[in-house]
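Enquirer: Okay, structure incoming, though there's no sequence with it:
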């Protein structure tokens, strides 16, 4: 019996030239078929569309309407490939610690999404408790601040909308309505970090989470004005 280089996996070659059985810790068997007339083992190859849809369905089940399961699935699978490529041929030293490797993967997922991954999405993808997901999310912001902060700002404004001009507490600018308190708070935190004037407003029942961003912040970059109808 040959020992696989992967932890907890035993490989048993039947030496019949046709198959190799790989048995994991749970006793499950993954058979890799040998190609006739060729030496070596043929792997499973690329994931099929069905595999991607299966992942998307699992994420949609875990997250409901809080995230786009298909978009998150595709971003995650792309991120895994980019991380693997960077680890193998990147110019910097590879990440070796398991915890750091996970945070690095979450940064790659965020880049693929074009926004910062949420702690709820972290929990759904990595199958960890909410407390662990929040801790990893905080580490992501701390370790990759230069890259994560712009993505966090983009995430906070992803479903926001303009509510018109406003003037409050010496701040003159655009009123912005957010879909949640978390989005508003992240937006305010990011603008304060950038040194832009911003103030939280008391919204109405239909729009409870509102902030006023000073004109120093270019809201047009994230929320373009709608063209007026003629």
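Expert: Cool, got the structure. The shown structure was predicted, so the numbers you read here are calculated from the model rather than taken from an experiment.
Enquirer: how much space between residue 95 and residue 78?
Expert: Shown here: residue 95 relative to residue 78, a distance of 18 Å by Cβ to Cβ, to the nearest Å. For every residue, glycine as well, the C-beta is placed using N, CA and C.
Enquirer: what's next to stretch 87-96, contact-wise?
Expert: The contact list for stretch 87-96, computed with Cβ atoms under 8 Å, 6 or more residues apart in numbering, reads 101, 104.
Enquirer: buried set for it?
Expert: Going by neighbour count (16 or more other Cβ atoms under 10 Å), the buried part of stretch 87-96 is residue 95.
Enquirer: now do the same end-to-end measure for that stretch.
Expert: Start to finish, the residues bounding stretch 87-96 are 10 Å apart (Cα to Cα, to the nearest Å).
Enquirer: Let's test this: mean pLDDT of it, rounded?
Expert: For stretch 87-96, mean pLDDT is 80.
Enquirer: What distance do you get for residue 185 to residue 43?
Expert: As it turns out, when the distance is counted by Cβ to Cβ, residue 185 lies 46 Å from residue 43.
Enquirer: pLDDT wise, what is residue 15 at?
Expert: The pLDDT attached to residue 15 in the predicted structure is 40.
Enquirer: repeat for residue 228
Expert: Residue 228 is given a pLDDT of 47.
Enquirer: What of residue 184?
Expert: At residue 184, the predicted lDDT confidence score is 92.
Enquirer: C-terminal to the longest helix seen in the chain, what's the next element?
Expert: In the chain, ranked by residue count with DSSP state H as the criterion, the top helix is helix 69-89. Moving toward the C-terminus from helix 69-89, the first helix or strand encountered (DSSP states H and E) is helix 98-113.
Enquirer: Return the set of buried residues in that next one.
Expert: Applying a neighbour-count criterion of 16+ other Cβ under 10 Å, one finds 102, 103, 104, 105, 106, 107, 108, 109, 110, 111, 112, 113 buried in helix 98-113.
Enquirer: likewise stretch 152-159?
Expert: Neighbour-count burial for stretch 152-159, counted by 16+ other Cβ under 10 Å, picks out 152, 153, 154, 155, 156, 157.
Enquirer: now those as CSV including pLDDT and secondary structure?
Expert: Output for these, formatted as CSV (pLDDT from 0 to 100; DSSP: H, G, I helix; E, B strand; the rest coil):
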residue, pLDDT, secondary structure
152, 90, helix
153, 92, helix
154, 89, helix
155, 87, helix
156, 91, helix
157, 92, coil
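Enquirer: Distance to residue 142 added to the residues you listed, as CSV?
Expert: Below are these laid out as CSV (distance: Cβ to Cβ, whole Å):
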residue, distance to residue 142
152, 12
153, 16
154, 18
155, 17
156, 18
157, 22
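Enquirer: what's the offset of the longest helix of the chain from the middle of its chain?
Expert: Here helix 69-89 is found 10 Å from its chain centre; the criterion is Cα atoms, centre = their mean, to the nearest Å.
Enquirer: next one: stretch 102-115
Expert: In terms of Cα atoms, centre = their mean, the centre of stretch 102-115 is set 5 Å apart from its chain centre.
Enquirer: got it, and stretch 177-186?
Expert: 18 Å.
Enquirer: that older thread, quick check: angle from the longest helix of the chain to helix 98-113?
Expert: Using axes from the mean of the first three to the mean of the last three Cα atoms, to 10 degrees, the direction of helix 69-89 lies 120 degrees away from that of helix 98-113.
Enquirer: Check which residues of helix 69-89 are buried.
Expert: Buried residues in helix 69-89, defined by neighbour count with 16+ other Cβ under 10 Å: 69, 72, 73, 74, 75, 76, 77, 79, 83.
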